[in-house]
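Student: Give me a model of this one.
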Amino acid sequence: MAGNIPAWQASIAIASLVAGCATLGDAPPRPAHPVEGVRKVVDSLGAEVRKRTEADPFRNLPVVVRTTSTANSGIEPIIAELLRTRLVEGGVAVEAVCATRCMEIHLQEFAVDSPKTTTLTPGQILLVGGASIPFVGGLIRTIGEQEREQERAANRATGIFVTFGARDGNRYTARAHVVAIISAGDVALERQ
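Tutor: Residues are numbered from 1 along each chain as shown. Down below sits the predicted model:
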């Protein structure tokens, strides 16, 4: 009987099992990032990029969005792809590689323990003026942390460290940094 299932139905069943939709009983594990937080970050970063392309020293440069992770796991590649799409839809020139001159955007995901009474909100953009970001503390997400993340989700803030660089060949003529908050505090989504 299993041989009579069309390929499209089998792929839907497999996707449902992988996504955890087909399980009964236990509640699904809490996600690392709420979908709404990712949407807000993409909206906020899209507005920030458009604002920077209209101001010196990034004026009218084509945009290249890169992630710092070598693996395609985590939230960085997802946000990068959504950001590229949002920028193209908004009329911003987005290129795959920086040929000679461009605004290079690097995304680096991080996760930190945060105090319970945090004022951070998903989608919030924090400007970084030079040296350190007080709440980051040098903790960059690693594979080992991803396994323990669910245990510490209630006291966790996740975000993307974004570097804007105006490139002219092999030389940077300007650089700026912001932090985009993906989630702060308990990141569990309500069941629908």
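
Student: in the helix or strand harbouring S44, what counts as buried?
Tutor: Per DSSP states H and E: S44 is located in helix 35-53. Going by neighbour count (16 or more other C-beta atoms under 10 Å), the buried part of helix 35-53 is 37-38, 40-42, 44-46, 48-49, 52-53. For every residue, glycine as well, the C-beta is placed using N, CA and C.

Student: And the next helix or strand past that helix?
Tutor: By DSSP H and E, the next helix or strand past helix 35-53 is strand 63-67.

Student: Just the C-alphas of that following strand, formatted as CSV.
Tutor: C-alpha atoms of strand 63-67 as CSV (Å, rounded to 0.1, in the frame of the first residue of the first chain):
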residue,chain,number,x,y,z
VAL,A,63,24.6,45.9,-1.8
VAL,A,64,26.2,42.5,-1.1
VAL,A,65,24.8,40.5,1.9
ARG,A,66,27.1,37.9,3.4
THR,A,67,27.0,35.7,6.5
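
Student: Stretch 50-60: end-to-end distance?
Tutor: End-to-end distance of stretch 50-60 (C-alpha to C-alpha, to the nearest Å): 10 Å.

Student: which stretches of the chain form helices?
Tutor: 7-19, 35-53, 76-89, 143-148 (DSSP state H).

Student: Among those, show the one with the smallest mean pLDDT.
Tutor: For these, mean pLDDT drops lowest on helix 7-19, to a mean of 49.

Student: Quick one: the buried residues of helix 35-53 as JSON lines, columns for distance to T68 too.
Tutor: Below are the buried residues of helix 35-53 laid out as JSON lines (distance: C-beta to C-beta, whole Å):
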{"residue": "G37", "distance to T68": "20"}
{"residue": "V38", "distance to T68": "18"}
{"residue": "K40", "distance to T68": "21"}
{"residue": "V41", "distance to T68": "16"}
{"residue": "V42", "distance to T68": "18"}
{"residue": "S44", "distance to T68": "19"}
{"residue": "L45", "distance to T68": "15"}
{"residue": "G46", "distance to T68": "20"}
{"residue": "E48", "distance to T68": "18"}
{"residue": "V49", "distance to T68": "17"}
{"residue": "R52", "distance to T68": "19"}
{"residue": "T53", "distance to T68": "22"}
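
Student: what two of those residues are the furthest from one another?
Tutor: Within those, G37 and T53 form the most distant pair, 24.5 Å apart (C-beta to C-beta).

Student: Point out where this protein drops to low pLDDT.
Tutor: 1-33, 70-72, 114-118, 129-155, 185-192 (pLDDT under 70).

Student: Would you mind measuring from the residue lying closest to V41 once chain neighbours are set aside to V128?
Tutor: Counting by C-beta to C-beta, 6 or more residues apart in numbering, V41 lies nearest to A180, which is 4.7 Å off, once chain neighbours are set aside. From A180 across to V128, the span is 11 Å (C-beta to C-beta, to the nearest Å).
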